[in-house]
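In: Give me a model of this one.
(chains A and B)
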Amino acid sequence: MSVPPMIDITLVNKFYGNFQVLTDCTTKVRKGEVVVVCGPSGSGKSTLIKCVNALEPFQSGRIIVDGVDLSDPKVDLNRLRARVGMVFQHFELFPHLRITENLCLAQEKVLGRSHEEAMAKTLSLLERVGLKDHAEKRPGQLSGGQQQRVAIARALAMDPVAMLFDEPTSALDPEMIKEVLDVMIELAQDGMTMMVVTHEMGFARKVADRVIFMDKGEIVEDVPKDDFFGKPHSDRAQAFLSKILTH
Amino acid sequence: MFANFDFDVIRRSLSYLLIDGMGFTLLLTGLATLLAGILGTILAVIRLSPVPVLPRLIIGYVEFVRSLPLVLLIFWFYFLVPYIGQWLTGAERPIAVGAFSSALITFTLVEAVYFSEIMRAGIQSISRGQLAAARAVGLGYMQSMRYVVLPQAFRNMVPLLLTQTIVLFQDTSLVYVVSITDFLGAAGKVAQRDGRLVEMYLFAAVVYFIMCFAASMLVRHLQRRNEFAR
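Out: Okay, the predicted model is just below:
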């Protein structure tokens, strides 16, 4: 008897017009597992994780998240999205709202929490990501690294069952990458289920359970991290690794 | 050359000009702006939404209104609405619609077209990532629009919306075709009564200029502030 996986992706195909972005993608993420998704740009890695919380539609295949089948027309996708946290490359905080309002908005409008409840959650999360002092500022007053930590806190405020990260450090200056990765590492060690699109191989080495390597819309490799860094099976993964690890 | 002019006519009729005349102009402008702002925003949101058919109907409506002179619309609306009302309610006689209601509805429907085009540009100026982020935390499409996209779009578009309102403020003078007395109409009446056409129309021009110029300055100030805020 095995526990059903938290995220179950089966033979997903996605097209933009005639162009196929995802081809027969299949993988499973168990509860508490951290999976790093990497690959050259345009390989479909961001698209794949956007499919997981139904931000992108797909034409065929099946994705089941925490027992909920995304292609079931009866499923309330808003509810589902609220349960899967998403962190974007460009943070996407709401610039017209204060940090606290950024975190409270969906708690109140989607989960129906009272303002006091939402605020208590907000402040404890801001403390956790080390930004309690900035609670009443607006996003524009924070550095990129701080904004991304707020974005992580905003996703966590919904008590997600899993977190998706779409190149969370790619838009950051080098000195700010660490503060964001530290928050993510802590999250991984706390047992959060995570799918992380990133080129930060140090992060992958430290906390990933598995590494998925994608190229041209296909999952080329899906292996435990030691196997991936030790001896990637495919030539494409080898070529990719040698390119990003040599400098 | 001003020796033969009697500028005292302005002083004598000032309360009529400003309270009755300008009061009406400002009331019509204010109400029409408010209603058209709401209607225009709704039209813009529907036009950009993924629903079928409705966006095309709105495009048709926008093109129709923009292709006809405003005077003609005011004129026709005034004469047609009673009959449309009769048809809608099944009454025996054409519905009596006051000149003010008629003018207000016409300006609202026309301005909504211009406001909807401005709001459409405003919504499109907000990056798609913002909508994605709003959806990602579980907000529905309409909630995302209401709490995330529209407040930013509106803020970015305030200068353009105000500029359009200045145009509306001037256009309200066209209500003379349905015999309503606005500021310009009041000035015209006094001019005819006292035989002081040059003085009154000069005064009207000065008042319009001062008010519109002041409003334009405000728009520029807001534009500059928006640039800093970004």
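
In: Spell out which parts of chain A neighbour chain B.
Out: Counting by CB under 8 Å from any CB of the partner chain, the positions of chain A adjacent to chain B are A:53, A:55, A:78-79, A:81-83, A:85-86, A:88, A:90, A:92-96, A:105-106, A:109-111, A:140, A:154-155, A:158. Yep, even glycine has a C-beta here, placed from its N, CA and C like the rest.

In: Mind checking which of those are in helices?
Out: Residues from those lying in helices, with DSSP state H as the criterion: A:78-79, A:81-83, A:105-106, A:109, A:154-155.

In: And the buried ones among the residues of chain A next to chain B, selectable in ChimeraX?
Out: In ChimeraX, a selection of the buried entries from the residues of chain A next to chain B looks like this (16 or more other CB atoms under 10 Å in any protein chain shown):
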select /A:53,55,78,81,82,83,85,86,88,90,92,93,94,95,96,105,106,109,110,111,154,155,158
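
In: mind listing the strands for chain A?
Out: Ranges of strands in chain A, per DSSP state E, are A:7-16, A:19-29, A:34-38, A:60-65, A:68-69, A:84-87, A:162-166, A:193-197, A:210-215, A:218-224.

In: hmm, back to that, pLDDT added to the ones in helices among the residues of chain A next to chain B, as a markdown table?
Out: Below are these laid out as a markdown table (pLDDT from 0 to 100):
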| residue | pLDDT |
| --- | --- |
| A:Asn78 | 90 |
| A:Arg79 | 89 |
| A:Arg81 | 93 |
| A:Ala82 | 92 |
| A:Arg83 | 92 |
| A:Leu105 | 96 |
| A:Ala106 | 95 |
| A:Lys109 | 94 |
| A:Arg154 | 96 |
| A:Ala155 | 96 |
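
In: Contacts only, for B:Val65.
Out: B:Val65 makes contact with B:73, B:109-110, B:113, according to CB atoms under 8 Å, 6 or more residues apart in numbering or on different chains.

In: change it to 10 Å
Out: B:Val65 makes contacts with B:73, B:109-114, as judged by CB atoms under 10 Å, 6 or more residues apart in numbering or on different chains.

In: In chain B, which residue sits closest to chain A?
Out: For chain B and chain A, the shortest gap (CB to the nearest CB) falls at B:Gly138, measuring 2.8 Å.

In: chain center to the longest helix seen in chain A: distance?
Out: Longest helix in chain A, counting residues (DSSP H): helix A:174-189. Mean-position distance between helix A:174-189 and its chain equals 13 Å (CA atoms, centre = their mean, to the nearest Å).

In: For chain B, what lies in contact range of chain A?
Out: Proximity of chain B to chain A (CB under 10 Å from any CB of the partner chain) is limited to residues B:126-141, B:143-144, B:146-149, B:151-152, B:154-155, B:229-230.

In: Please repeat the previous calculation with a cut-off of 8 Å.
Out: B:127, B:129-130, B:132-140, B:143, B:147-148, B:151-152, B:155, B:229.

In: on that earlier part again, does the residue of chain B closest to chain A sit in a helix, a strand or a coil?
Out: coil (DSSP: H, G, I helix; E, B strand; the rest coil).

In: Good, wrapping up.
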